[in-house]
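Participant: Whatever this is, show me its structure:
(2 chains)
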2 protein chains.
Amino acid sequence: MKVLVQKYGGSSVATPERIRAVAQRVAKSLNGEYKVVVVLSAMGDTTDRLLKMAYQITPNPSSRELDMLLSTGEQVSIALFCMALESLGISAVSLTGAQVGIITDSAHTKAKIMEIDTRRLQQELQQHQVVAVAGFQGINVRGDIVTLGRGGSDTTAVALAAVLEAEKCEIYTDVDGVYTADPHLVPNAKKLERISYDEMLELASLGSKVMQARAVECGKKYGVKIIVRSSFKENSGTIICEEDPSMEKEFIRGIAHNTSEAKITIRNVPDQPGIAAKIFGILAEANIVVDMIIQDVSEHGTTNISFTVEKTDLPQALKLAEKVSQEINAKGVSADKNIAKVSIVGIGMRSNAGVAAKMFQTLSEENINIQMISTSEIKISCVIEENAVQRAVQALHRKFELDKESIENEL
Amino acid sequence: MKVLVQKYGGSSVATPERIRAVAQRVAKSLNGEYKVVVVLSAMGDTTDRLLKMAYQITPNPSSRELDMLLSTGEQVSIALFCMALESLGISAVSLTGAQVGIITDSAHTKAKIMEIDTRRLQQELQQHQVVAVAGFQGINVRGDIVTLGRGGSDTTAVALAAVLEAEKCEIYTDVDGVYTADPHLVPNAKKLERISYDEMLELASLGSKVMQARAVECGKKYGVKIIVRSSFKENSGTIICEEDPSMEKEFIRGIAHNTSEAKITIRNVPDQPGIAAKIFGILAEANIVVDMIIQDVSEHGTTNISFTVEKTDLPQALKLAEKVSQEINAKGVSADKNIAKVSIVGIGMRSNAGVAAKMFQTLSEENINIQMISTSEIKISCVIEENAVQRAVQALHRKFELDKESIENEL
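Facilitator: Below is the predicted model:
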């Protein structure tokens, strides 16, 4: 039995009309050759609406009850979707995360999938043309409902594609693929035909909102062929797969930007062993994810330590930073919310010197000051002031010639 | 461990504010003596909102997917309710019908509870002060979500009170007890302090919307002490329990009315054996519940058969009646939607002759024509024209002196 996994995001199923449209699209793709597993997100702004109610009850809802609450959103989607398929004469059945056997750890609101018991899913695939699965959710060993974190439906889809050994996993979304930059900022950004898992991973975690990073990791681990496509248009989309030689011909594949972070600086930190461990240990305990970290060159036995966190974590992170600053006799703490991170990504840069220099040169020509730098094998990120982000992305896009027809496309 | 079961209906939890108010009320009732199981319905008009979406998808949604859809409503309520309790410092946990081990048959949208596996519930009661249970739902042996039909949360509450051997089961609703008649129709209707299961059963199935009849049956079967109370006021409510001698001192305990039925008459039916079985067999196959049936005295070898069905079933019932009428060579079918059923209920009438005569006399004095009559040991129902219903209920209430202080209340 050949299996195809498709995932439709919240905007694709925002209204009953759209759910019917998705059902028609799935119906068309049925040709007797494939059984289809369709993973759905909650309708439109359902998750936000539920969250709003929770916060009307209490500012600190428990994560177990949040999961109990939020998991209803996807359940509504799969039920309505199966009704739509059945009304088209297609045999379909819906399954919650619990019913589909997605066993996770107990980290409520951000659980990881531990294993998938596919027995029921396989049974239903024998009996039905389509099985609709509630994305974003599973159960822990106690039988409690847990969720996989925002965008977790992508992970559900890729993980199911892996265990079912599906031919491919199609991620339907409101954009028609992965672009060299955000088309809102760079109107002549080009859609990529193919991109490697690693590149996509950098782009995903760097703020291209196309796909959840964890889903891409899972795809890479199990070699799942992922295709990002539009649920509204018939375009071919972008294939995310193993890297191949043609990808290396280009230095840079895409430019990501992110304005959701804020910067905290602790000034005049005593330059002693164990201080950094103390600062970031306290933040980790509070479950605050720190992205970039830089430490100035030490002068007179003290140094400045700067790091970025999500803006939503800023108030708590600042409080902790101030507490730790007093404990270690630092001179004080400051914060800056008006920052942006701009990143260039491409596996080609591994074998090409001078990419970093070219990036810094480009920003300098635009009179944009670089506040922080961080690099990996296949990406370079710079923190700049928020106001300059559009100019920076456009200049980099132009300088690295991402608007030109690529070699890959010419082949 | 002493256990108390409380059930709050949809209007009691219609908004986050009301959910917090219910949490405060439950918190106040905790005194260390009892563990409390709280059964909740879906918030306000949630079920109707979900149904509307289903019908926007298709006029004939499958019952399995309807249950998958509707069961989310109660899940939202219990999650928000536990958040509210936790914010008051009370240890609470929410459980879906599946998690609480409510095993039902597979009659989707109107399932019956087969058994309740209380292991998890008992565990949680050891660890928490309050366990919130999603009403109206369970799972069948396949693990599919099923619902118990409208008002099914009452049944969930009473069934849990039975298996947990709870001291009592409090049904909190938007009325403050069971009245001698609908206070909207009879302003001086009196609240009953106590009522027997059998009387309540007649009142419940006769159109007093206070409680689901199945829940009362379950309470009678297992001897659960049920108390109907207001969730907004602090009144003592009405106790539903085994009948006791004081109840028999009064002939009549209450007057119910129902305008949700319609009457169908099949004229000149050949008076032969098997004809009635044929007519009502066909209706039963179509799952149409027939309430009252009368057959005229036969004349010239034919007779008229009249029966009542829910108005919502009328179109389908009429079609079937017309089909069967042709098959059996009857003369034709007519329907009347403008009818009402008025019933008097009381265990006292078993040992008191003349109650029926008094009822008919009262209606006659009001110039109200009786179209159909049906009786049981403890109730008499008359079908009359819909316009006369208020007059009929008021006259009966006066004639049977239900507005007077009762003996029971004087004791």
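
Participant: which residue does the stretch 301-411 of chain A bring closest to chain B?
Facilitator: A:Gln316 (18.9 Å; CB to the nearest CB). The way it works is simple: take the backbone N, C-alpha and C, and place the C-beta from them, glycine included.

Participant: what's that residue sitting at in phi/psi?
Facilitator: phi -70, psi -40 (degrees, to the nearest 10).

Participant: which residues sit in contact with it?
Facilitator: By CB atoms under 8 Å, 6 or more residues apart in numbering or on different chains, the residues touching A:Gln316 are A:286, A:288.

Participant: try A:Ser71
Facilitator: So A:Ser71 contacts A:96-97, A:134, A:136-137, A:145, A:147, B:75 (CB under 8 Å, 6+ apart).

Participant: of all the residues you listed, which comes closest to A:Asp154?
Facilitator: Of all the contacts of A:Ser71, A:Asp154 sits closest to A:Phe136, with 9.0 Å by CB to CB.

Participant: okay but the closest one is in contact with A:Ser77, surely?
Facilitator: No. Between A:Phe136 and A:Ser77 there is no contact, the gap being 10.1 Å when judged by CB atoms under 8 Å.

Participant: Now for these two: what residues contact both?
Facilitator: Common neighbours of A:Phe136 and A:Ser77 are listed as A:41-42 (criterion: CB under 8 Å, 6+ apart).

Participant: mind checking the end-to-end distance for stretch A:129-147?
Facilitator: Using CA to CA, to the nearest Å, one end of stretch A:129-147 lies 27 Å from the other.

Participant: near chain B at all, it?
Facilitator: Yes. Counting by CB under 8 Å from any CB of the partner chain, chain B is contacted by stretch A:129-147 at A:143-145.

Participant: Of those, which belong to helices?
Facilitator: Among the residues of stretch A:129-147 next to chain B, no residue falls in helices (DSSP state H).

Participant: Could I get the contacts of A:Ser71 in a markdown table, plus columns for pLDDT?
Facilitator: A markdown table is the format used below for the contacts of A:Ser71 (pLDDT from 0 to 100):
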| residue | pLDDT |
| --- | --- |
| A:Thr96 | 98 |
| A:Gly97 | 97 |
| A:Ala134 | 98 |
| A:Phe136 | 96 |
| A:Gln137 | 97 |
| A:Ile145 | 98 |
| A:Thr147 | 96 |
| B:Gln75 | 98 |
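
Participant: Just send these back as a markdown table, with distance to A:Ile239 and neighbour count too.
Facilitator: Output for the contacts of A:Ser71, formatted as a markdown table (distance: CB to CB, whole Å; neighbours: other CB atoms under 10 Å in any protein chain shown):
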| residue | distance to A:Ile239 | neighbour count |
| --- | --- | --- |
| A:Thr96 | 30 | 27 |
| A:Gly97 | 27 | 28 |
| A:Ala134 | 26 | 30 |
| A:Phe136 | 24 | 30 |
| A:Gln137 | 27 | 27 |
| A:Ile145 | 34 | 29 |
| A:Thr147 | 28 | 28 |
| B:Gln75 | 38 | 24 |
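
Participant: out of the residues you listed, which are inside helices?
Facilitator: Counted as lying in helices by DSSP H, out of the contacts of A:Ser71, are B:Gln75.

Participant: The contacts of A:Ser71: which two are farthest apart?
Facilitator: Largest pairwise distance in the contacts of A:Ser71, by CB to CB, is 14.7 Å, between A:Phe136 and B:Gln75.

Participant: all helices in the stretch 51-200 of chain A, in order from the N-terminus.
Facilitator: A:63-87, A:119-127, A:152-163, A:197-205 (DSSP state H, counting those that start in this stretch).

Participant: Check which helices and strands the third one sits against.
Facilitator: Meaning helix A:152-163. Packing partners of helix A:152-163 (3 or more CB pairs under 8 Å, 6 or more residues apart in numbering or on different chains; DSSP states H and E): strand A:2-8, strand A:34-40, strand A:113-116, strand A:130-134, strand A:168-173, helix A:213-222.

Participant: Tell me the buried residues in the helix or strand just after the first one?
Facilitator: The C-terminal neighbour of strand A:2-8 among helices and strands, as given by DSSP states H and E, is helix A:16-29. For helix A:16-29, the buried set under the neighbour-count rule, 16 or more other CB atoms under 10 Å in any protein chain shown, comprises A:16, A:18-23, A:25-27.

Participant: contact partners of helix A:16-29?
Facilitator: A:4, A:6, A:8, A:12-13, A:36, A:38, A:43, A:77, A:80-81, A:84-85, A:87-88, A:90, A:130, A:172, A:231, B:53, B:56-57.

Participant: Remind me which helix or strand A:Glu401 belongs to.
Facilitator: Using DSSP H and E, A:Glu401 sits within no helix or strand.

Participant: Distance to A:Ala392 added to the helices and strands packed on helix A:152-163, as a markdown table?
Facilitator: Shown next, in a markdown table, are these (distance: least, CB to CB, whole Å):
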| stretch | distance to A:Ala392 |
| --- | --- |
| strand A:2-8 | 32 |
| strand A:34-40 | 36 |
| strand A:113-116 | 37 |
| strand A:130-134 | 40 |
| strand A:168-173 | 25 |
| helix A:213-222 | 22 |
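
Participant: hey, which of the ones you listed is tucked in deepest?
Facilitator: Most buried of the helices and strands packed on helix A:152-163 by mean neighbour count (mean count of other CB atoms under 10 Å in any protein chain shown) is strand A:130-134; its value is a mean of 29.
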